[in-house]
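*Asks:* My questions are about this predicted structure, shown below with the sequence.
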Amino acid sequence: MTIDVARIPVLSDNYVWLAHDAASGETAVIDPAVAEPVLAAAAERGWTITQIWNTHWHPDHTGGNAEIKAATGCTITGPAAEAERIPTLDVQVTGGDVVTLGAITAQVIDVPAHTAGHIALHLPTEQVVFVGDTLFAMGCGRLFEGTAEQMFTNMQTLGALPPETVVYCAHEYTQSNGRYALVAEPDNADIAARMAQVDAARTKGEPTVPTTIALERATNPFMRARDAAQLAERRAAKDAFR
Ligand code: ZN
Ligand code: FE
């Protein structure tokens, strides 16, 4: 792994990520909800933003696009299927396409369901994946524009990445997800152990992401769903869970 990844907490529970490649001097911003804190975080590190990668059109993932582009002249890459809803887009991509950060390659993976064109970006040499609002720590995105079948496929696809892959998701939803996970799989000791750590971290105001594919395979009730029907059942239960 040669890239440096920085976490920028914004709004109530969003994480914007900066991926910096020292070799080329390139820096990509993933899902900038807002501009100011992102520009400040890059400046603080002496990093120059050259790209924005959007995983989907939601405003809490694209709201900073225009201002960051105006300030830096960066190139914005995002899902072709959502181009009309991301008006600042320069480069439209779809599953199987490749995006580069210097000499580093990011594979575009289609993960529709939260939104119809949602993508993830997997950097195999770096062992990292940026998943937006598709996969969360012990959770998955809500099904706003797709089906449980699609989300089941997404969980299988992401779950098949190498277990050591570090997963950068766009929200701090872990504690709420974990409370539901304990109910969905009451006998899963890995979930109970993880929740003890999560509760301790949140008490101290610490983040609980990134996560890893291995940890999600062990503790994520959506990745662990045996089929689409069980994922649908669990998603509906989580939507209603307090
Ligand atoms: Zn979203
Ligand atoms: Fe979001």
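*Replies:* Everything's here; your move. Ligands and ions are numbered 1, 2, ... in the order given.
*Asks:* what are the phi and psi angles of the residue of the chain most remote from its centre?
*Replies:* Ranked by distance from the centre of the chain (CA atoms, centre = their mean), the top residue is residue 187, with 27.8 Å. Main-chain torsions, residue 187, degrees, to the nearest 10: phi -100, psi 0.
*Asks:* again with the one 10 residues further on
*Replies:* The phi and psi torsions at residue 197 (degrees, to the nearest 10) take the values phi -70, psi -40.
*Asks:* And the residue lying closest to residue 221 once chain neighbours are set aside, how far from residue 240?
*Replies:* Spatial nearest neighbour of residue 221, excluding adjacent residues (CB to CB, 6 or more residues apart in numbering): residue 184 at 4.0 Å. For glycine as for every other residue, the C-beta is placed from the backbone atoms N, C-alpha and C. From residue 184 across to residue 240, the span is 13 Å (CB to CB, to the nearest Å).
*Asks:* same question, residue 207
*Replies:* 27 Å.
*Asks:* neighbour count winner among these two?
*Replies:* residue 207 (13 against 8; other CB atoms under 10 Å).
*Asks:* Would you check that residue 62 makes contact with residue 82?
*Replies:* No - here residue 62 lies out of contact with residue 82, judged by CB atoms under 8 Å, at a distance of 9.1 Å.
*Asks:* List, one by one, the residues from this protein near ligand 2.
*Replies:* 60, 133 (CB under 5 Å from the ion).
*Asks:* where do the strands sit along the chain?
*Replies:* 4-10, 14-21, 26-30, 51-53, 75-79, 91-93, 98-101, 104-110, 119-123, 128-132, 135-136, 139-140, 166-169, 211-212 (DSSP state E).
*Asks:* and the spatially closest residue to residue 97 that is not a sequence neighbour, how far is that from residue 143?
*Replies:* Distance criterion CB to CB, 6+ apart; nearest residue to residue 97, sequence neighbours excluded, is residue 108 at 4.4 Å. Remark: distance between residue 108 and residue 143 (CB to CB) = 21 Å.
*Asks:* and those two? which has more neighbours close in?
*Replies:* Between residue 108 and residue 143, counted using other CB under 10 Å, residue 108 has the larger neighbour count: 22 against 19.
*Asks:* That one bridge partners, please.
*Replies:* residue 121 (DSSP bridges).
*Asks:* is it true that it touches residue 93?
*Replies:* Yes - the criterion here is CB under 8 Å, and residue 108 meets it with residue 93 at 4.8 Å.
*Asks:* what touches both of those two?
*Replies:* Listed as contacting both residue 108 and residue 93 by CB atoms under 8 Å, 6 or more residues apart in numbering are 99, 119.
*Asks:* So what's the residue count around residue 203?
*Replies:* Residue 203: 9 neighbours (other CB under 10 Å).
*Asks:* Can you check the pLDDT for it?
*Replies:* Per-residue pLDDT puts residue 203 at 98.
*Asks:* Output the below-cut-off pLDDT ranges for this structure.
*Replies:* Counting by pLDDT under 70, the chain contains no low-confidence residues.
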